[in-house]
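S.K.: structure, please.
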Amino acid sequence: MKYIIGIGTYAMFDDSIGIRVIENIVENNLEKGFLALDLSGNNLNLVSYLNSDTKKILIVDSADLGLPSGEFRFFTPEEVVSEKCLNGFSTHEGDVLKTLCLAREMGYPIPKVIFLGIQAFEMKNEFGLSDVLQNNLKNYVQAAINEIEKN
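M.R.: You can find the predicted model right below:
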C-alpha cells in the first residue's frame, strides 16, 4: 500500500496545507492506488502505517525551506535535519522526523518516505489559508499524486 499523509493544524493558518491537500484528494475522489490520510498534528499515528505492507509514504506539510511563499520541494528524511525544539514526545507536540527515527530504533520497517514541503506565507493563530497557498492547492495535489505514483 502507498499513502499520502497530511500533517498540520487548521488553527495555525498555512500550517493546515497538508491536511487541505488530503481533503482535496478525498473530496475529488482522486485516491487511485493509494490512500490519503489526515494525521493532523498527531505524528505518532504515523507508526500505525509502518509495516511490511507499506511500500511508500508521502508526507505533505508546511515547511520552512527558505523558498518564496507557495513554492514546494520534495525531500527525504535523510536530506534534512529537524530544528524543532520539543519539551517532550507526545501527541500534543511532535516532529515527524523524530517519530520516524524512534520507529526505526524500535524495529519498525521503514518504507520509502518522501516529504512534500510547502513554503508557508504566514503562520498565525487563525483559521484559514493564505491566498498564495490557496491558489496553488491544485498544483500541490497534482504534485503529490504524481510523486506517489512513482516507484
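S.K.: not counting its neighbours along the chain, what's nearest Gly70?
M.R.: In space, and not counting its chain neighbours, Gly70 is closest to Val132: 3.9 Å by Cβ to Cβ, 6 or more residues apart in numbering. Any C-beta I mention is one placed from the backbone N, CA and C, and that applies to glycine too.
S.K.: and that neighbour, how many residues sit next to it?
M.R.: Residues lying near Val132 (other Cβ atoms under 10 Å) number 16.
S.K.: can I assume it sits in a helix?
M.R.: Yes: the assignment for Val132 (DSSP: H, G, I helix; E, B strand; the rest coil) places it in a helix.
S.K.: which parts of the protein are helices?
M.R.: When assigned using DSSP state H, the helices of the chain occupy the ranges 17-27, 96-105, 131-135, 137-149.
S.K.: what about the residue nearest to Arg104 when sequence neighbours are not counted, how many residues nearby?
M.R.: Spatial nearest neighbour of Arg104, chain neighbours left out: Ile110 (5.4 Å); criterion: Cβ to Cβ, 6+ apart. Neighbour count for Ile110, taken as other Cβ under 10 Å: 14.
S.K.: repeat for the one 10 residues further on
M.R.: By other Cβ under 10 Å, 25 other residues sit near Ala120.
S.K.: do Arg73 as well
M.R.: 15.
S.K.: from memory it sits against Leu67, does it?
M.R.: Yes: the criterion here is Cβ atoms under 8 Å, and Arg73 meets it with Leu67 at 6.7 Å.
S.K.: ranges for the strands of the protein?
M.R.: In the chain, strands defined by DSSP state E lie at 2-7, 35-40, 56-62, 72-75, 112-118, listed in chain order.
S.K.: possible to save those strands as JSON lines with distance to Leu97 and mean pLDDT?
M.R.: Shown next, in JSON lines, are the strands of the chain (distance: least, Cβ to Cβ, whole Å; pLDDT from 0 to 100):
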{"stretch": "strand 2-7", "distance to Leu97": "11", "mean pLDDT": "97"}
{"stretch": "strand 35-40", "distance to Leu97": "14", "mean pLDDT": "94"}
{"stretch": "strand 56-62", "distance to Leu97": "10", "mean pLDDT": "97"}
{"stretch": "strand 72-75", "distance to Leu97": "11", "mean pLDDT": "97"}
{"stretch": "strand 112-118", "distance to Leu97": "9", "mean pLDDT": "97"}
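S.K.: with respect to Phe13, which of the ones you listed lies nearest?
M.R.: The closest of these to Phe13 is strand 56-62. By Cβ to Cβ, the value is 9.3 Å.
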